[in-house]
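> whatever this is, show me its structure:
(one chain, ligands or ions: 3)
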Amino acid sequence: MNMAQNIVAGLDRILTMELVRVTERAAVAAARLRGRGDEKAADQVAVDAMREELNRLAIKGTVVIGEGERDEAPMLYIGEEVGTGKGPAVDIALDPLEGTTICAKNLPNALAVIAIAEKGSLLFAPDVYMDKIAIGPGYAEGVIGIDASPAENIASLARAKGVAVSEITACILDRPRHGRLIEAVRATGAAIRLIGDGDVAGVIHTTDPEETGIDIYLGTGGAPEGVLAAAALRCTGGQMQGRLILDTPEKVARAAKMGIADPKRIYRAQDMARGDVLFAATGVTDGNMLDGVKFGPTYITTHTIVLRSSSRTVREIKARHQDLEKF
Ligand code: VTB
Ligand code: MG
Ligand code: MG
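Ligands and ions are numbered 1, 2, ... in the order given. Have a look, this model is predicted:
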């Protein structure tokens, strides 16, 4: 297969492994600042490390979900060109440190995250909130719906899973804005895993309930994080729906500028991340699915999950980095 055919058939699969290095580097950098109470510093080193590694990849990449617009983010800003420029044209969604606060407090599930897709296949989402709902693979389409009530969704999921509602656990960001949602879920008898940050991890956790104990993700979080989570779900299977919260004329206008014509549109995972998608996440702090970075006297250990939508492969890579100078 020549290069051109390979690109038409999807992303070059060699990129799957290349992505691992990118999130590993960002995670190690951030992990050095775990538990220091300085979110900004941890974020900054993760951004620097991710950018450096990303610029070694043989791609012509454009950041479409990044650290923000150019004037507010000096690096990995939306629109920044990354990679060597010699290679396939791809769109990139990234968050070098998803969960800056959890990293600063050394709490579970901080991740370094990246997704790559063919040019034009990731939703160009403004940095607003997104209402989200997600479940893992193995359920018929329509078991959950963003417009159904929390009680309906949880009852429907329990029925489909063949368990009592009390055996369902929902993951929700611990925010005052979720007060009513939390009450509604508790009223069903289901359990809630309240998380401080990190809803990319929260959504991904639904894809392996045996391992993580989470069956469904509910609530509003960042729209960029929604696109990243959708990219992961495209690879693992599972269902997700998201709707941007465009509650002011300013936000509607900002979204329109980014090509969003219908402000109320419900996006499924496959609408947010289309075509062939690659996704990688490395644990910064210990989590339900991934171990955090471990610093040993002679090597550093990282734990990464790397996913590819066209083959639906889920790989976990534990790496021992012995060239400590490089890190
Ligand atoms: C979530 C969470 C992120 O932003 O998307 C959240 O996953 C949403 O915003 O880790 P609020 O914090 O305003 O609720 C983060 O906390 C930070 O990116
Ligand atoms: Mg970030
Ligand atoms: Mg984030």
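> next SSE after the worst-scoring helix or strand of the chain on mean pLDDT?
Using mean pLDDT, DSSP states H and E, helix 3-8 stands out as the lowest-scoring helix or strand of the chain, at a mean of 43. The helix or strand immediately downstream of helix 3-8 is helix 14-31, counting by DSSP states H and E.
> from the contact counts, what lies against that next one?
In terms of contacts (3 or more CB pairs under 8 Å, 6 or more residues apart in numbering; DSSP states H and E), helix 14-31 is packed against helix 39-54, strand 89-98, strand 111-118, strand 277-283, strand 300-308, strand 313-321. (C-beta placed from N, C-alpha, C; glycine too.)
> now do the end-to-end distance for stretch 293-303.
End-to-end span of stretch 293-303 (CA to CA, to the nearest Å): 7 Å.
> now do stretch 92-104
26 Å.
> please apply the same query to stretch 29-36.
Stretch 29-36 stretches 13 Å from its first residue to its last (CA to CA).
> other residues contacting stretch 54-63?
Contacting residues not belonging to stretch 54-63 are listed as 15, 18, 22, 76-94, 114, 116, 119 [CB atoms under 8 Å, 6 or more residues apart in numbering].
> give the rounded mean pLDDT of that stretch.
The pLDDT scores in stretch 54-63 average 96.
> would you mark the buried spots in it?
54, 57, 59-63 (16 or more other CB atoms under 10 Å).
> ok, of those residues, which one's closest to ligand 1?
Nearest to ligand 1, judged by CB to the nearest ligand atom, of the buried residues of stretch 54-63 is Val63 at 16.0 Å.
> pull the distance from whichever strand or helix holds that closest one to the chain's centre.
Secondary structure from DSSP H and E places Val63 in strand 60-65. Its chain's C-alpha centre and that of strand 60-65 lie 16 Å apart, by CA atoms, centre = their mean, to the nearest Å.
> quick check on the contacts of stretch 54-63: which are buried?
Among the contacts of stretch 54-63, those classed as buried by 16+ other CB under 10 Å are 15, 18, 22, 76, 78, 80, 82-83, 87-88, 90-94, 114, 116.
> and Met240, what does it touch?
Shown in contact with Met240 (CB under 8 Å, 6+ apart): 132-135, 203, 226, 229-230, 233, 268-269, 272.
> helix/strand/coil for it?
At Met240, secondary structure determined by DSSP: H, G, I helix; E, B strand; the rest coil is strand.
> is it in a bridge, and if so with what?
Ala134 (DSSP bridges).
> out of the buried residues of stretch 54-63, who's nearest ligand 3?
Val63 (14.0 Å; CB to the ion).
> circling back: could you point out which element follows the strand holding Val63?
Following strand 60-65 in sequence order, the next helix or strand is strand 81-82 (DSSP H and E).
> quick one: mean pLDDT for that following strand?
Strand 81-82 shows a mean pLDDT of 98.
> same question, stretch 234-244
98.
> tell me how far it is from the chain's mean position?
Worked out by CA atoms, centre = their mean, stretch 234-244 lies 11 Å from the chain centre.
> out of the helices and strands packed on helix 14-31, nearest to ligand 1?
strand 89-98 (5.4 Å).
> can stretch 132-139 be said to contact ligand 1?
No: under the criterion of CB under 6 Å from any ligand atom, stretch 132-139 makes no contact with ligand 1; the nearest approach is 8.9 Å.
> endpoint to endpoint, that stretch covers what distance?
17 Å.
> what pairs with the strand holding Val63, and is each one parallel or antiparallel?
Next to strand 60-65 in the sheet, as set by DSSP bridges, lie strand 81-82 (antiparallel), strand 89-98 (parallel).
> any chance of CSV for those strands, columns distance to Leu244?
What follows is the strands paired with strand 60-65, written out as CSV (distance: least, CB to CB, whole Å):
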stretch, distance to Leu244
strand 81-82, 25
strand 89-98, 15
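> same list (those) but as CSV, adding distance to ligand 1.
Formatted as CSV, these follow (distance: least, CB to the nearest ligand atom, whole Å):
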stretch, distance to ligand 1
strand 81-82, 20
strand 89-98, 5
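> nearest to ligand 3 among these would be which one?
Closest approach to ligand 3 among these (CB to the ion): strand 89-98, 4.4 Å.
> what's next to the next helix-or-strand element following that closest one, contact-wise?
Where DSSP H and E defines the elements, the next helix or strand beyond strand 89-98 is helix 100-105. Outside helix 100-105, the residues that touch it by CB under 8 Å, 6+ apart are 30-31, 33-40, 42-43, 97, 107-110, 196-198, 284-285.
> quick check: nearest residue in space to the one residue in the stretch 201-327 of the chain that gets nearest to ligand 3, chain neighbours excluded?
Going by CB to the ion, ligand 3 is nearest to Glu225 of the stretch 201-327 of the chain, at 5.4 Å. Leaving aside its chain neighbours, Glu225 sits nearest to Val200 (4.9 Å; criterion: CB to CB, 6 or more residues apart in numbering).
> in a strand, that neighbour, correct?
No: counting by three-state DSSP, Val200 falls outside a strand, being helix.
> and it, what does it touch?
Applying CB under 8 Å, 6+ apart, the residues near Val200 are 95, 98, 111, 113, 225, 228-229, 232, 281.
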